[in-house]
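Colleague: Okay, sequence plus prediction incoming.
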Amino acid sequence: KLASKFILLASDMIQETLDIRDEMSGTKAANDVTIDEFSSTMIAPYTSSTWCDGALSLLESPKIDIKEKALMALGKMAPYCVRYGGNTWENRARQKINPFITSWKNDRGNTNIDEEWWSEIMHLLEEVVTFIGKK
């Protein structure tokens with residue numbers, strides 16, 4: 001549970017950095033650093049292999065709320081995890097995401113799962129898949 005909170009914190013930091021970047025687009029940060037350079041510098045620590053793999057490992061949790069938090073974080077982290085981790089990270093991500101997609105689709109008929117929530121989880125999964133590819 002604590003790990004999921006750290007991963008969500010990382011995704012919040014990434015989102016906050018992106019929001020700042022968008023607000024200040026075209027301006028300079030301190031010492032003639034561009035806003036894009038600043039953003040990359042701020043995002044990189046939260047998208048190292050440790051953070052990216054940590055988010056993926058949360059998908060193995062038996063608790064769906066932990067998996068949901070991991071997907072929310074991966075939605076923000078995945079573009080950068082792919083950028084810094086390349087094909088190796090993409091392959092690891094697919095190994096974790098694809099079985100989850102299959103099991104989640106199979107659970108659709110479960111009467112205990114709210115249809116709207118099921119759709120939200122599918123949307124999060126699809127968002128991550130757009131960055132890692134379906135292979």
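Modeller: Arrived safely. Numbering: from 1, shown residues only.
Colleague: From here on, just use CA atoms for contacts and neighbour counts.
Modeller: OK.
Colleague: Return the list of helices and strands in contact with the lengthiest helix in the chain.
Modeller: For the chain, the longest helix by residue count, based on DSSP state H, is helix 64-106. Here helix 64-106 touches helix 2-23, helix 49-57, helix 115-132, going by 3 or more Cα pairs under 8 Å, 6 or more residues apart in numbering; DSSP states H and E.
Colleague: Of all those helices, which one is nearest residue 38?
Modeller: helix 2-23 (8.2 Å; Cα to Cα).
Colleague: Let's see the first helix or strand past that closest one going along the chain as PDB, backbone CA atoms only.
Modeller: Next in sequence after helix 2-23, counting helices and strands by DSSP states H and E, comes helix 35-43. The C-alpha trace of helix 35-43 is given here as PDB (Å, rounded to 0.1, in the frame of the first residue of the first chain):
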ATOM      1  CA  ILE A  35      11.200  25.000 -19.900                       C
ATOM      2  CA  ASP A  36      11.400  21.700 -21.800                       C
ATOM      3  CA  GLU A  37      15.000  21.200 -20.400                       C
ATOM      4  CA  PHE A  38      13.700  22.000 -16.900                       C
ATOM      5  CA  SER A  39      10.800  19.600 -17.300                       C
ATOM      6  CA  SER A  40      13.000  16.800 -18.500                       C
ATOM      7  CA  THR A  41      15.300  17.400 -15.500                       C
ATOM      8  CA  MET A  42      12.400  17.300 -13.100                       C
ATOM      9  CA  ILE A  43      10.800  14.300 -14.600                       C
END
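Colleague: and helix 35-43 with helix 64-106, angle?
Modeller: Angle, helix 35-43 to helix 64-106, by axes from the mean of the first three to the mean of the last three Cα atoms, to 10 degrees: 100 degrees.
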